Every structure is written in structure tokens, then in C-alpha cells.
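Provided below for reference: sequence and predicted model.
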Amino acid sequence: MSSASNLESQCRMTLPDLPLFAGLQESDRDRIAAIAHRRTILPGVRLSISACDARGIYLIRRGYLKATQDNEDGEEVILAIHGPGELLGDIGLTAGDEQTTRAASALAIGEVDLAVFRRDAFLACLATMPLLSLNLLALYADRLLRAGDRIESLATADVEERLVRLLHDLARAHGEPALGGRRLPYRITQVELASMVGASRVRVNQMLGELKRAGIVSIADGRIVVRERATG
């Protein structure tokens, strides 16, 4: 079996498990799988995901990508960390080529396996698959809710609470089961955490020390373990 056919087969099996493709007919899933192209990215390689120059729509099949954007001062800001099942570059579906944005890219954390869709091919699927369009709208609504939560956190919460929320969000989205909680599958630096919570590295270092003493987080094999929040 060729690599292209193998990817199509793998995509066909994966699609039903992804929210974007939930409920699609088998014929629609086959059509989407047929236009997918595999791409493997090595650690540290960047993808452009700006609306004006993204080369395609990227579906993460394995691994993690760190989405970044330059602020008005030219400094890199970490927007999010994306994992399996998430889309990147899809802003180009709705943003016109004439629109300009600040430089946005995604950096591979470890090796990343992608299914890549050409913009025109994916748009053709959206035009003939109403459920796919509705699922994409639901995905965007979820992103807006999460962005709103992050803005609210930055505006009203102190550094410790922002850091705790971020770590729990990352653990919930990407974490692997570990003793007493969930372990992040990648290493994340204090500088990166500081960028995501809008604080200095020194302050994040202090807060991590306090969280470790309180038993909220621990470190195992260089990765953060986040204790699950108590319920009830």
C-alpha cells in the first residue's frame, strides 16, 4: 500500500473520532480523507498560520504545536498549545488574501504528524457538506469561549490563579494520567508559562514553587504533573 493510500486509510479511521467530522456520512469522510496529504514536522520547525500566507489547513494527528504571534513591539507571544485533533491555518478559510495580520506561526514541540488540506479543496467540501460547516462553527464558538475565559482571567485574576487555570487547562486538554493527577506530555519552560499568563519569569518561578509546596503541581521526568481539582 502506498504512503498516500495508507494515510487515506488512517484518516478514514480517525475522522469519526474528531469533533469537526462528527456525524458525517461515510461517503463524506471518504472524500475528506482522499484530499488529505501527510506531513511530518521535526522538532523546532515552524509553520506559517497567518491568514495571508498559510500554505494549507493543518489537522494535527500526532504531537503538539505551539502557536505564537508577534505583538506590536515585535516580541513573540504564545497564544496556545495545540494537540491531536485540532486545526491550524484554518483562519485562511474566511479571511481574504488581501487581509494582513501580524506574523503568526506554530512551532513543533517534538515530532508532529499532520494531515494537510489545500484551502480550495477543503472549501469545496464545506460547500457541499452542511454538517461539516456546522461542526466548524461549533469549533469556532468553543475557541471564542476559551479566548473569552483567558481574557477574563488576564483582566480579573491574580498571577497565581491565572497560572493555576492555565496548568489545569493544559492538563485537561493534553494531560496523560499520572499518580494523583495528569502529566503534560511535553516540557514547558517558565518563560513560556510567563508569556501565556502575562507575567514575568521570576514571578512564575515563585508561583510554581508555591504550587509545588501546596501539592498542586509536581515535576516528573522534567514534565509538570497537575493534581486534579477536587469536586463537590
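Here it is on my side, so go on. Residues are numbered from 1 along each chain as shown.

confirm Leu114 sits in a strand?
Yes: when DSSP: H, G, I helix; E, B strand; the rest coil is applied, Leu114 is found to be in a strand.

per-residue pLDDT, it?
Leu114 carries a pLDDT score of 89 in this model.

cool, and the one 4 residues further on?
The predicted local confidence for Arg118 comes out at a pLDDT of 87.

phi, psi for it please.
The phi/psi pair for Arg118 (degrees, to the nearest 10) reads phi -70, psi 140.

any idea how many residues pack against it?
Arg118 sits with 14 neighbouring residues when counted by other Cβ atoms under 10 Å. The C-beta positions use only the backbone N, C-alpha and C, and glycine is treated the same way.

residue contacts, it?
Listed by Cβ atoms under 8 Å, 6 or more residues apart in numbering, the contact partners of Arg118 are Ile35, Gly56, Ile57.

most neighbours of all those, which one?
Across the contacts of Arg118, neighbour numbers were computed from other Cβ under 10 Å; Ile57 holds the maximum, 23 neighbours.

is it true that it touches Arg119?
Yes: counting by Cβ atoms under 8 Å, a contact exists between Ile57 and Arg119, whose distance comes to 6.4 Å.

check which helices and strands the host helix or strand of Arg29 sits against.
Under the criterion of DSSP states H and E, Arg29 resides in helix 26-34. Contact partners of helix 26-34 among helices and strands, from 3 or more Cβ pairs under 8 Å, 6 or more residues apart in numbering; DSSP states H and E: helix 3-14, helix 119-128, helix 130-156.

do you know the pLDDT at Glu210?
The predicted local distance difference test score for Glu210 is 94.

what does the domain assignment say about this structure?
Here the domain assignment for the chain is 3-153, 157-227, based on automatic domain parsing.
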